[in-house]
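A.B. asks: pasting the structure only:
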């Protein structure tokens, strides 16, 4: 666990760096280059996430992180113009002097376009104001945020609000980081289970060495069946046995033997022992 935490933090920082870099590159590269970069990013994530220990889920986790990262970049890019306007735009009062509607193209929506002029008669810099519905009439006065450089369309203060895009991009980015954190937890849990199996196997060997028990696996299974049928349950209804006494019987095999005797193997709270009862909180899976 101590090793996986800094690795998970490093992967998280790398993921954030990729999101920021792809946002900065999204307008300067073609779709093919962007796709290739995301693919390379995904492959590298698979390698890094596998080092967290949860190897069986690394590909799906990397795919989830890549998809949520792409969503974060895409949503943030939708608010790029709004953020630019808020940064360098200036608020002006303008009058609608001309209105036009997009030509009809099947079932595609028709946007409205408005030519705006200042109070002194000069044209508002930039392309025409655009709305998805017919909101304004010729002669109507309205307040817009205009780009002094004329590169962006003027927008009303309501249109230039990028709060929704920022929240959506942040949520997608947090989901990507959450995927990394989840895999770090899965990896540490898998490592803990491997260590438990090693300790159990080592304990079984030590028990066999000390006691001189040379019982075969079949004899150990027979002994376990007899214990499960005859051993009295404790006050909570559990029959508790020590796995060291059955070094050649895997836990899942013991669960199957218990099922044959009408019991279930408990997967929680064993603390180095095997516990069996007619009803358990979580049963040991049989496969």
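C.D. replies: Received, thanks. Here the structure is a predicted model, which is why all the values come from computation and not from measurement.

A.B. asks: beyond the worst-scoring helix or strand of the chain on mean pLDDT, next helix or strand please.
C.D. replies: Within the chain, confidence by mean pLDDT, DSSP states H and E is lowest for helix 163-211 among all helices and strands, at a mean of 74. The first helix or strand that comes after helix 163-211 along the chain, using DSSP states H and E, is helix 217-230.

A.B. asks: and that next one, what's buried?
C.D. replies: Neighbour counts over helix 217-230 (16 or more other Cβ atoms under 10 Å) mark 220-221, 223-224, 227-228 as buried. Where C-beta positions appear, they are placed from N, C-alpha and C, glycine not excepted.

A.B. asks: go on, stretch 9-28?
C.D. replies: Counting neighbours by 16+ other Cβ under 10 Å, the buried set in stretch 9-28 is 11-12, 15, 18-19, 22-23.

A.B. asks: and if you look at stretch 91-110?
C.D. replies: Within stretch 91-110, the residues scored as buried using 16+ other Cβ under 10 Å are 92, 94-96, 99.

A.B. asks: can you redo the residues you listed as TSV with distance to residue 167, pLDDT and secondary structure?
C.D. replies: Formatted as TSV, the buried residues of stretch 91-110 follow (distance: Cβ to Cβ, whole Å; pLDDT from 0 to 100; DSSP: H, G, I helix; E, B strand; the rest coil):
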residue	distance to residue 167	pLDDT	secondary structure
92	28	92	strand
94	30	94	strand
95	34	94	strand
96	32	94	strand
99	33	93	strand
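
A.B. asks: and which of those is nearest residue 243?
C.D. replies: Distance to residue 243 across the buried residues of stretch 91-110 (Cβ to Cβ) is lowest for residue 92, with 78.7 Å.

A.B. asks: measure that closest one to residue 144 for me?
C.D. replies: The gap separating residue 92 from residue 144 is 6 Å, by Cβ to Cβ, to the nearest Å.

A.B. asks: now do the shared contacts for these two.
C.D. replies: 124, 154 (Cβ atoms under 8 Å, 6 or more residues apart in numbering).

A.B. asks: hmm, back to that, so among the buried residues of stretch 9-28, where is pLDDT lowest?
C.D. replies: Minimum pLDDT across the buried residues of stretch 9-28 is recorded for residue 23, with 87.

A.B. asks: tell me if it really is in a helix.
C.D. replies: Yes. With DSSP: H, G, I helix; E, B strand; the rest coil as the criterion, residue 23 is assigned to a helix.

A.B. asks: that one and residue 45, how far apart?
C.D. replies: Distance of residue 23 to residue 45, computed by Cβ to Cβ: 18 Å.

A.B. asks: which stretches of this protein form strands?
C.D. replies: Remark: strands assigned in the chain by DSSP state E are 90-101, 112-118, 129-131, 141-146, 239-241, 264-265, 274-277.

A.B. asks: not counting sequence-adjacent ones, nearest residue to residue 124?
C.D. replies: Leaving aside its chain neighbours, residue 124 sits nearest to residue 116 (4.1 Å; criterion: Cβ to Cβ, 6 or more residues apart in numbering).

A.B. asks: just to check, that neighbour is in contact with residue 125?
C.D. replies: No. The criterion here is Cβ atoms under 8 Å, and residue 116 misses it with residue 125 at 9.7 Å.

A.B. asks: any common contacting residues for the two?
C.D. replies: residue 154.

A.B. asks: who has more neighbours, the two?
C.D. replies: Using other Cβ atoms under 10 Å, the more surrounded residue of residue 116 and residue 125 is residue 116, with 23 against 17.

A.B. asks: give the bridge partners for the more buried one, please.
C.D. replies: Beta-bridge pairing for residue 116 (DSSP bridges): residue 96.

A.B. asks: report pLDDT for it.
C.D. replies: Confidence at residue 116, expressed as pLDDT, is 94.

A.B. asks: how much space separates it from residue 254?
C.D. replies: Residue 116 sits 79 Å away from residue 254, going by Cβ to Cβ.

A.B. asks: and residue 186, by the same measure?
C.D. replies: On the measure of Cβ to Cβ, residue 186 and residue 254 end up 25 Å apart.

A.B. asks: now do residue 275
C.D. replies: Counting by Cβ to Cβ, the gap from residue 275 to residue 254 is 11 Å.

A.B. asks: what's the answer for residue 220, then?
C.D. replies: Residue 220 is 10 Å from residue 254, where distance means Cβ to Cβ.
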